[in-house]
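Q: Task: produce atomic coordinates for the following.
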Amino acid sequence: MINIIADKDIPNLDNHLNELLDSNFFRIKYLHYLDININTIKDCEVLLVRSTIQVNESLLKETNIKFVGSATAGINHLDMNYLNKNNIQWDYAPGCNSSSVTHYILAVFAELIDQSKLNYNSKIGIVGYGNIGKKIANYLYSLGFTVLINDPFLKDPSLVDIKEILDCDLISLHVPYIEDGDHPTQNLIDEKELLELKNKILINSSRGGIVNEKALLKQKSITYISDVWNNEPLPSKALVKQSLISTPHIAGYSKQGKLNSSKLVAYSVARYIEASKNMNPFNFKDPSDKKVPHYEPTDLESQPYPLHVFKDSFNIKSISSCERKCKPIKNEFLSKAFNQMRSSHPKRDDYDSKEFIEKYT
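A: Numbers count the residues shown, from 1 in each chain. Modelled structure (predicted):
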């Protein structure tokens, strides 16, 4: 019997696991993320989390954890060096909420156009051409925008270097948080880059550490829009106020994004248990010959609705207003307020989901 501890806010996990595994071979217990600690997970083998938990030595030391699954598209909350060094297997859910974040970015575009800060002749720079960057670029191309793309990991002659990106009217960041290696992204947008962005627009929906926030606070002419912050859930109140739009890390919080992440993490657990020496193969519903069932989107280019529909369906301005109005006396209050805004984020469908298309066409 494999014991699993899971964040209670990973949706439909029971159903997904029961579709893949004989229930006699695992036992799952759900906890609020604030209750996941070294004592509550001590005797379990599998830990399933979201980005709200820092998975590192202080959490895992002297526990029996052998596998960590994260129902997230990012991994900077996972101490991969510690996990790898201690032979703890891990997996996550890349691309699970790419449509949700794309929806957020395009709603921001619609808001900027309404405020006359952007127009269809503006030149757009996208840093990071992965699941999200490609979807945004494809839609913007279809609207006639000039789009330049930078991604040092891709050998594509049509992509440009970061200097050309900084010449754009708007720059949108879609990169993972990486502290070292050939292409680190920690403070990717630093003092030097920020000087090039005076009187321009910068959108960050990746991770807080990708932009040097202290340096950004000195550049009042930059129109900054962010969903992610250093030191979450205690973002810089000064930067929240300085930003044109500031939201509490909810860009990826669509219904389909959450369901995708849950399915992907369930498959990761199934693969881990399948490889376990204690598993009886005759009682295992092998998922290896099945495609992981994402909630497949429709082609971007075929979308029948204009840009303003993204804004109509995702009231970013209202969400930003709530975060700005939060006036905490103590950091503890701000932390609770930030997490409360995330947990109470309205249910919304991805713009390329069947449900959304049926509603807005």
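
Q: Was I right to think Ile316 contacts Ile245?
A: Yes - with contact defined as CB atoms under 8 Å, Ile316 counts as touching Ile245 (5.9 Å). Every C-beta, even on glycine, is put in place using the N, C-alpha and C of the backbone.

Q: what do these two both touch?
A: Taking CB atoms under 8 Å, 6 or more residues apart in numbering as the contact rule, Ile316 and Ile245 both touch 108, 111.

Q: can you give me the helices in this protein?
A: 13-20, 57-60, 80-85, 98-114, 131-142, 162-165, 191-196, 213-216, 237-242, 255-274, 308-313, 316-325, 331-343, 354-360 (DSSP state H).

Q: Neighbours of Ser116, how many?
A: 7 (other CB atoms under 10 Å).

Q: first vs last residue of stretch 115-129, how far apart are they?
A: 27 Å (CA to CA, to the nearest Å).

Q: Oops, could you answer that again for stretch 111-128 instead?
A: Taking CA to CA as the measure, stretch 111-128 stretches 23 Å from start to finish.

Q: now the helices of the chain in JSON lines, with distance to Thr223?
A: Converted to JSON lines, those look like this (distance: least, CB to CB, whole Å):
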{"stretch": "helix 13-20", "distance to Thr223": "40"}
{"stretch": "helix 57-60", "distance to Thr223": "38"}
{"stretch": "helix 80-85", "distance to Thr223": "34"}
{"stretch": "helix 98-114", "distance to Thr223": "8"}
{"stretch": "helix 131-142", "distance to Thr223": "18"}
{"stretch": "helix 162-165", "distance to Thr223": "16"}
{"stretch": "helix 191-196", "distance to Thr223": "12"}
{"stretch": "helix 213-216", "distance to Thr223": "11"}
{"stretch": "helix 237-242", "distance to Thr223": "10"}
{"stretch": "helix 255-274", "distance to Thr223": "26"}
{"stretch": "helix 308-313", "distance to Thr223": "17"}
{"stretch": "helix 316-325", "distance to Thr223": "13"}
{"stretch": "helix 331-343", "distance to Thr223": "22"}
{"stretch": "helix 354-360", "distance to Thr223": "28"}
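
Q: weakest of these by average pLDDT?
A: Here the helices of the chain differ in mean pLDDT, and the lowest is helix 331-343 at a mean of 75.

Q: ok, now which ones touch the residue lying closest to Val68 once chain neighbours are set aside?
A: Using CB to CB, 6 or more residues apart in numbering and skipping the chain neighbours, the partner closest in space to Val68 is Trp90 (4.5 Å). Contacts for Trp90 (CB under 8 Å, 6+ apart) come out as 55, 67-70, 78, 80, 83.

Q: next one: Tyr360
A: 305, 309, 312-313.

Q: what's the burial count for Leu140?
A: 23.

Q: Lys123 is in contact with that one, correct?
A: No - assessed by CB under 8 Å, Leu140 is found out of contact with Lys123, at 10.6 Å.

Q: Which among the contacts of Tyr360 count as buried?
A: Neighbour counting by 16 or more other CB atoms under 10 Å classes 309, 313 among the contacts of Tyr360 as buried.

Q: Looking at the contacts of Tyr360, spot the one nearest Tyr272.
A: Ser313 (37.4 Å; CB to CB).

Q: That closest one: what's it in contact with?
A: Per CB under 8 Å, 6+ apart, neighbours of Ser313: 103, 107, 348-349, 351, 356, 359-360.

Q: That one and Phe356: what is the separation?
A: To Phe356, Ser313 is 7 Å away according to CB to CB, to the nearest Å.

Q: tell me, what's touching the two both at once?
A: Asp349.

Q: returning to what we had before: check what pLDDT the residue nearest to Val68 gets.
A: As predicted, Trp90 sits at a pLDDT of 96.

Q: separation between it and Val269?
A: 11 Å.

Q: Identify the contacts common to the two.
A: 67, 69.

Q: what's around the closest residue to Val211 other than its chain neighbours, how many residues?
A: For Val211, ignoring the flanking residues on the chain, the nearest one in space by CB to CB, 6+ apart is Ile189 at 4.6 Å. Using other CB under 10 Å, Ile189 has 24 neighbouring residues.

Q: Ile189 against Leu173, yeah?
A: Yes - contact criterion CB under 8 Å: Ile189 and Leu173 qualify, at 7.2 Å.

Q: which neighbours do those two share?
A: With CB under 8 Å, 6+ apart as the test, Ile189 and Leu173 both reach 202, 204, 210-211.

Q: Could you point out the member of the residues you listed that lies closest to Met341?
A: Looking across these and measuring by CB to CB, the closest to Met341 is Asn204, at 17.7 Å.

Q: quick one, what contacts the closest one?
A: 173, 189, 210-211, 224-228.

Q: could you redo the last one with a cut-off of 7 Å?
A: When contacts are counted by CB atoms under 7 Å, 6 or more residues apart in numbering, Asn204 touches 173, 210-211, 226, 228.

Q: Which among the residues you listed count as buried?
A: 173, 210-211, 226, 228.

Q: Out of those, list just those in strands.
A: 173, 226 (DSSP state E).

Q: Including distance to Val49 and pLDDT, could the buried ones among the contacts of Asn204 go into JSON lines?
A: Formatted as JSON lines, these follow (distance: CB to CB, whole Å; pLDDT from 0 to 100):
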{"residue": "Leu173", "distance to Val49": "24", "pLDDT": "98"}
{"residue": "Ile210", "distance to Val49": "22", "pLDDT": "96"}
{"residue": "Val211", "distance to Val49": "25", "pLDDT": "98"}
{"residue": "Ser226", "distance to Val49": "23", "pLDDT": "97"}
{"residue": "Val228", "distance to Val49": "18", "pLDDT": "95"}
